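In: Task: produce atomic coordinates for the following.
(2 chains)
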Amino acid sequence: MTVSAAPRPHIDLQNAVVRFAGDSGDGMQLTGTEFTREAALYGNDLATFPDYPAEIRAPAGTTAGVSGYQIQFAAHEVYSAGDQPDTLVAMNPAALKVHLPDLKRGGLLILNEATFKQSDLDRAGWKTNPLTDGTLENYQVIKVDFEHLVGKAVEGAGVSAKDASRCKNFYALGLVFWIYSRDIEREEQAIRERFKKSPPLAEANVRAFKAGYNYGETIEALDAPYSIQPARLKPGKYRNVTGNSALALGLIAAAQKAGLRLFYGSYPITPASDILHELSKYRRFQLTTFQAEDEIAAISAAIGASFAGALGITGSSGPGIALKTEAMGLALMTELPLVIINVQRGGPSTGLPTKTEQSDLFQAVYGRNGECPIPVLAARSPADCFETAYEACRIAIDCRTPVIVLSDGSLANGSEPWLLPDVNSLPKIEPDFATDPAGFMPYKRDEKLARPWAIPGTPGLEHRIGGLEKDALTGNISYDAHNHEKMVRTRAEKVRRIADRLDPTEPFFDPEGEVLVIGWGGTYGSITQAVIEARQGGLKVGHVHLRHVFPLPNDLTDVATRYRTVLVPELNMGQLRLHIRGQLGLESVGLNKIQGKPFHVAEIRSTIESLARRKHLPAEQEIA
Amino acid sequence: MSAPLVKLTKKDFVSDQEVRWCPGCADFAILAGVQKLMPELGIAREKTVFISGIGCASRFPYYMNTYGFHGIHGRAPAIATGLKMANPDLTVWVVTGDGDGLSIGGNHLIHALRRNVDLKILLFDNRIYGLTKGQASPTSELGKKTKSSPFGTVDRPFNPLTLALGAGATFVARTTANDMPHMSSVLKRAAAHKGAAFVEIWQNCVVFNDGAFDEWSEKDVRDERLLKLEHGKPLMYGKSKDKGLRIGGGFTLEMGAADGAVVHDESRDNLSLALALAALEPPWPQVMGVLRAVDLPTVDQLAREQEREAEKATRGPATLEALLQSGDTWDVTAGAGDA
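Out: Next up, the predicted model:
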């Protein structure tokens, strides 16, 4: 690993948070992704948080159209994308308006000076010009006339004026590369690869990128550029991965290990569509992707595929999951393997399509007609989406049951370095199809209470299944009162027994103490960092992060009693808190945020601190 | 895969379940017709799957001694699509009704047809909701008085045939449960079709809509009021085949003498004549038989072809390990990063 040579001494930092912000057409997501890749390849640990509007192109220059991408990269382990940026790149006044309040006092602010004309300010809602009215006096401001400088830099590259102007994100990237002493050669290659279909575009973007880098050097943007050494990560092979990609790979891995065709039925919906896109690329892995006519068809087709002996999977977000609900009941009744992925977003109804939230826990655990227990697993980080998806598939196949996987918008689009698993050490998955007609009964169960998976094409096992209540052995329609109660209780017991096979719950950090933080899903990073910081202040704090939301671990209450207080931070109104109270009688204090944004570490840390100090506990801690 | 074929009989396709339709229901005739057809197809029982939604017709799979799936309301075509795409070797039948297939499941039906999934879709049309006890259906005639429309329906019905043709179905036919020979011949044609085969079957509901098709399909009138389509034969009807349909001015059909009647061609690419025939309303004769039968690639075939192409390709990861390691990777060795 070589560090790019810079002509003057560096200032070594342990970590930095950078946010790129601009119009949704400015290419900020790409800029952020490029910066992230270089940080990953350099060996930093990192976490990212893309934040973009629901509109593809909201009116240019308005705050509605601002798209942002934040990365925290460090010489140590990183758990969240960071609360406040150290460096903010704002490509127009609207981006400045939206993101300036988050910038650290004294932070570095890179502005596109050319976009601060009166009309631009009006569109963004600035009453006076922030460049001159003192708004920016607490920050280190680097004003750059991107339009002019980029135009000059790409002269002669053979691209139109419009394409030239679109290179300005790479100019900004180059400047940030200089600020953080990043390797420009690797990035130059990456740009040429990205634009290989159009050599003039590649040339123009490379020139803009290098010009941006040189600009930092020339104007001496800083006394000395920063440097952040590689992190000491666990040895192994890594790649940077988003939650949606990791999830898709987890599904493929499970199907491959089980020797099954993977059938993914889905209907386009934000923020789950990338799973469909990712899976659609890999036709040679016995993989059928089916873009259905609607959400109901997507899950119904997946159920049909599972009946045929494939691993049927469907994915969506909350509103789409609502439409799939009846079919989830059918999968439960027919006791077929099925995995249902919910990449949660802000709700209810259409809600906040591109923003993150954890408000579908009740929908997942309790949201169906009849007694309809379905195991629910939640991923905690982008890379963890791989393992969670894999485990969900394993349970679905082992127990012949639908399984729900909860991800969320911040995991789906966020990324982190992923220590690639050894394919050979992934747990076994055995479909164990029924083949023997002797004594075959469609609903005769094994010790896990799973029924046989007898697929069409198998001679002698012809049978009929469906959504009507079934006889406990033959699977034929049964309206018998006692049979119904037996079946309802058996289906519930089958799911409950999954908890018996879970590893014991081992809290992170202190095994007993003042506060136990119980979390689930995408809040893992913020909670971890908050607990680290609270413990640095001398508090004894433990952290349990639930992958198994339903059924809950059997020992959760025992673990919780080792602490004075239980805190449950959630991006909802307190769904896990009510769930553990209802399921386990476990009381806790909630910290709840419903803003379409992840927690700041500071919000959780200060809550832990104040709970540790308080004699009387509140039911819910308001975010300051 | 060529296991010695045991000669099967109709009885082999009768399941052990008691049939629970109302006495006199036309569903019995359709069940008998399908059970009789099965051994003639030479397809093993275990390779045959019947899939249904909800409604009286949808109990059908329980009575067939094959694999079967009684789904949820309207979703049979979607379940069947997943099944067929997951295992194209299976012969998949969908049994639905006018409510299940044209109302709650209308979207799935039209998309299964436009995709040309290799399914045999039997739509039992009795123009009423039976299992929910007598509400108007999407094929109930305008003004029909039912439990849910005591003053008569105010919404116009679907014509299942024009709907199927409009959705691009590659095989579209109509038959009636009270004409076993005709029904058998149409079912056989549907079974032989490679692609989505849509068959509307007039099916009398004795309890909630008795006599719905009497004015056309009773024995004494059917020759005059029904036109049986035959590929390559002129469009003639009447007891002595004395009447015919011809193309008139302004792109319309005309009734007239048998002489000069248009010759029926199921394989026409152009839909206009099939649509014109499908849309005929009294006093015109109603058509019976195969309106359209064209060969087009099925979605299950096309999807598998893409896989075979992908397997031949040399680019891209070929193993799970290579797949996980694709993209930009880097190695961290013990001690790396120690500044």
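
In: Now residue 25: closest residue in space, sequence neighbours ignored.
Out: Reading this off chain A. Nearest residue to residue A:25 in three dimensions, chain neighbours excluded: residue A:57, at 5.8 Å (CB to CB, 6 or more residues apart in numbering or on different chains). All C-beta spots, glycine's among them, are computed from the backbone N, C-alpha and C.

In: sorry, should have said chain B
Out: Distance criterion CB to CB, 6+ apart; nearest residue to residue B:25, sequence neighbours excluded, is residue B:206 at 5.9 Å.

In: Run a quick neighbour tally on the one you found.
Out: 15 (other CB atoms under 10 Å in any protein chain shown).

In: Would you agree it is in contact with residue B:24?
Out: Yes - in terms of CB atoms under 8 Å, residue B:206 counts as a neighbour of residue B:24; the distance is 4.1 Å.

In: So what's the residue count around the residue nearest to residue A:25?
Out: Per other CB under 10 Å, the neighbour tally for residue A:57 reads 10.

In: same thing with the one 5 residues further on?
Out: Neighbour count for residue A:62, taken as other CB under 10 Å: 18.

In: For it, give me phi and psi.
Out: phi -100, psi 160 (degrees, to the nearest 10).

In: And for residue A:492?
Out: Torsion angles, degrees, to the nearest 10, at residue A:492: phi -70, psi -40.

In: Next: the one 10 residues further on.
Out: Torsion angles at residue A:502 (phi, psi; degrees, to the nearest 10) stand at phi -80, psi 150.

In: again with residue B:304
Out: The phi/psi pair for residue B:304 (degrees, to the nearest 10) is phi -70, psi -30.

In: separation between it and chain A?
Out: 9 Å (CB to the nearest CB, to the nearest Å).

In: What parts of the stretch 1-150 of chain B come near chain A?
Out: Taking CB under 8 Å from any CB of the partner chain as the contact definition, the stretch 1-150 of chain B meets chain A at B:3, B:15, B:17, B:44-47, B:49, B:51, B:61-62, B:64-72, B:75, B:78-87, B:89-90, B:107-108, B:111.

In: Identify each buried residue in stretch A:354-369, please.
Out: A:354-361, A:363-365, A:367-368 (16 or more other CB atoms under 10 Å in any protein chain shown).

In: Give the helix, strand or coil label for the residue of the stretch 101-250 of chain B found nearest chain A.
Out: The nearest approach of the stretch 101-250 of chain B to chain A comes at residue B:111, 4.0 Å away (CB to the nearest CB). Under DSSP: H, G, I helix; E, B strand; the rest coil, residue B:111 falls in the helix class.

In: which residues touch the residue nearest to it when sequence neighbours are not counted?
Out: Excluding its sequence neighbours, the residue lying closest to residue B:111 (CB to CB, 6+ apart) is residue A:293, at 4.0 Å. Shown in contact with residue A:293 (CB atoms under 8 Å, 6 or more residues apart in numbering or on different chains): A:267, B:78, B:107, B:108, B:111.

In: re the thing from before, just the buried ones from the residues of the stretch 1-150 of chain B next to chain A, in PyMOL syntax?
Out: To isolate the buried ones among these in PyMOL, judged by 16+ other CB under 10 Å, type:
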select buried, chain B and resi 15+17+44+45+46+47+49+51+61+62+64+65+66+67+68+69+70+71+72+75+78+79+80+81+82+83+84+85+86+87+90+107+108+111
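
In: now, which of the residues of the stretch 1-150 of chain B next to chain A lie within helices?
Out: Mapping the residues of the stretch 1-150 of chain B next to chain A onto helices (DSSP state H) picks out B:78, B:79, B:80, B:81, B:82, B:83, B:84, B:85, B:86, B:107, B:108, B:111.

In: By proximity to chain B, which residue of the stretch 51-200 of chain A wins?
Out: Of all residues in the stretch 51-200 of chain A, residue A:75 sits closest to chain B, at 7.1 Å by CB to the nearest CB.

In: Taking the contacts of residue A:293, tell me the two that lie furthest apart.
Out: Farthest-apart pair in the contacts of residue A:293 is A:267 and B:108; separation 12.4 Å (CB to CB).

In: any common contacting residues for the two?
Out: In contact with both residue A:267 and residue B:108: A:293, A:297, using CB under 8 Å, 6+ apart.

In: Give me the three-state assignment for residue B:155.
Out: Classified using three-state DSSP, residue B:155 is coil.

In: Let me see the contact set for the nearest residue to it once chain neighbours are set aside.
Out: If the residues on either side of it in the chain are set aside, residue B:155 comes closest to residue B:142, at 7.4 Å by CB to CB, 6+ apart. By CB under 8 Å, 6+ apart, residue B:142 lies in contact with B:152, B:153, B:154, B:155, B:156, B:157.

In: need the strands for the stretch 351-500 of chain A, in chain order.
Out: In the stretch 351-500 of chain A, the segments counted as strands under DSSP state E, counting those that start in this stretch are A:376-378, A:402-408, A:415-419, A:464-466.

In: all helices for the stretch 301-450 of chain A, in order.
Out: Counting by DSSP state H, counting those that start in this stretch, the stretch 301-450 of chain A has helices at residues A:318-334, A:361-366, A:384-399, A:409-413.

In: Output these in TSV; the columns should cover distance to chain B and mean pLDDT.
Out: Compiled in TSV, these are given as follows (distance: least, CB to the nearest CB, whole Å; pLDDT from 0 to 100):
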stretch	distance to chain B	mean pLDDT
helix A:318-334	5	98
helix A:361-366	19	98
helix A:384-399	8	98
helix A:409-413	16	96
